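> Provided below for reference: sequence and predicted model.
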Amino acid sequence: MHILRDPFTLALALGLPVMLVTFFGYAIDFEVKDIKIAVSDRDLGPAARRLKEIFSTSGYFSLVPQAAVSGPVEMLDSGRASAALFIEPDFSKKLKGGGKAEVQFVLDGSDNSKAAAVMGYLPGIQRAAMAKLAVQAAPEPFSAETRFLYNSELNSRWFTVPGLAAIIIGLLAILLTALTVAREWENGSMELLLSTPVRPLEIMAGKLAPYGILVLAGVFFVYLVSRLVFGVPFAGSHMLYLAACLLFITAALSQGLVISVITRQQQVAMQLGMITGLLPSMLLSGFIFPVESMPKFFQYLTMLLPPRWFMAAARGITLKGADLGELAVPFLALGLLSAGMLALALVKFKTDLEP
């Protein structure tokens, strides 16, 4: 009844996750495209023209015209280009005669993540150049072929959307319960509730259950958006995914309830909920930075964060089709953290009920 009387909360729980997942799902893309290259072509032969065409038609690079007074290095310094291609004189002549021709590719390394992505594109460009320019490579004693499992297209949205949904759903669950008890303390209705013979466990269940149902409805709408709008595959069990969502939502709602009971002020609860719910989920859950690449201290610290384990479970179920045996560690961690958050919320609630 309280939620139905508050249409803002209802719209927040059902509409905000869908809107944010859709917006950031399009905005966040780890694929680097439209890399501007300044070319210094001192050959001007047919092979040099084909090499430039390979770069421009790859879908990742675009050639930018040079000003009369500035060369590729000056364009790199000014930021008008992110890379430079230097083609030596007699490049076409050497290739035609079967000799060894060289080109130099210079890359701006000030953005290391972008530079690493561009370096990953170069082997494909080199293979295409060797095929189109008819370069005879030396025979190799063996050959290796790379195949990408679970995401053969390397579609970054298949990776980001499940993780983004976990962050938004967790943050929403924390904020909903962080505000609910604090609002009643500020309005004076909590004293009226505490004057009745209602036990703390019943009050806590009454606060968690309705918002849990609302957040689960938000999960359903986010699932529809990820499948229908972004085409994210779902290879695993829906029941297993639902179980992971229930554990994660329980932990997030309990965390918000602890914040609400401790602060008793909506503004403070909102700020603390944003700090504890957003920043750790974004930076320490594995959404942006792999947990394995973090220092040991932070790797152990992330074990206390439910988003880290739900991120692993959601991606494993969605992309890999992992079963419960393969996800035993994330599910066990989610279960322990959910039970711990519930116990902490109950203890804090009991403490606050004492006169």
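All right, it came through fine.

> When you work out contacts or count neighbours from here on, use the C-alpha atoms and nothing else.
OK.

> chain center to stretch 112-121: distance?
On the basis of CA atoms, centre = their mean, to the nearest Å, stretch 112-121 sits 18 Å off its chain's mean C-alpha point.

> and that stretch, which residues are buried?
Counting neighbours by 16 or more other CA atoms under 10 Å, one finds that the buried residues in stretch 112-121 are 114, 115, 118.

> pLDDT averaged over the helix or strand that contains residue 313, what's the number?
Residue 313 belongs to helix 306-315 when assigned by DSSP states H and E. When pLDDT is averaged along helix 306-315, the result is 92.

> ok, residues contacting that helix?
If you take CA atoms under 8 Å, 6 or more residues apart in numbering as the criterion, helix 306-315 is touched by 159, 162-163, 166-167, 170, 241, 244-245, 248, 251-252, 281, 284-287, 302-303, 327, 330-331, 333-334, 337.

> so where do the strands sit in the protein?
Assigned by DSSP state E, the chain shows strands spanning 35-41, 61-63, 83-87, 103-107.

> what about the shortest one, distance to the chain center?
Right, the one you point to is strand 61-63. How far strand 61-63 lies from its chain's middle: 27 Å, per CA atoms, centre = their mean.

> Direction included, what does that strand pair against?
According to DSSP bridges, strand 61-63 forms sheet pairs with strand 35-41 (parallel).

> and if you look at the last one?
Taking DSSP bridges as the criterion, strand 103-107 forms sheet pairs with strand 83-87 (antiparallel).

> any idea how far the strand it pairs with is from the chain center?
Worked out by CA atoms, centre = their mean, strand 83-87 lies 33 Å from the chain centre.

> Quick one: mean pLDDT over that strand.
The average pLDDT for strand 83-87 rounds to 87.

> what do you get for stretch 11-19?
Averaged over stretch 11-19, pLDDT sits at 80.

> With stretch 211-222 instead?
Here the average pLDDT along stretch 211-222 is 88.

> So for that stretch, what gets flagged as buried?
So stretch 211-222, judged by 16+ other CA under 10 Å, has buried residues 211, 212, 214, 215, 216, 218, 219, 221, 222.

> before we move on, what about stretch 293-309?
Buried-residue list, stretch 293-309, by 16+ other CA under 10 Å: 299, 302, 303, 305, 306, 307, 308, 309.

> And stretch 56-72, by the same measure?
Neighbour-count burial for stretch 56-72 flags 56, 61, 62, 63, 64, 66, 72 (criterion: 16+ other CA under 10 Å).

> pLDDT check: weakest of these?
Minimum pLDDT for the buried residues of stretch 56-72 is recorded at residue 66 (67).

> what's stretch 269-289 in contact with?
Contacts of stretch 269-289 (CA under 8 Å, 6+ apart): 160, 163-164, 167, 170-171, 174-175, 178-179, 182, 256, 259-260, 263, 291, 298, 302, 305, 307-309, 311.
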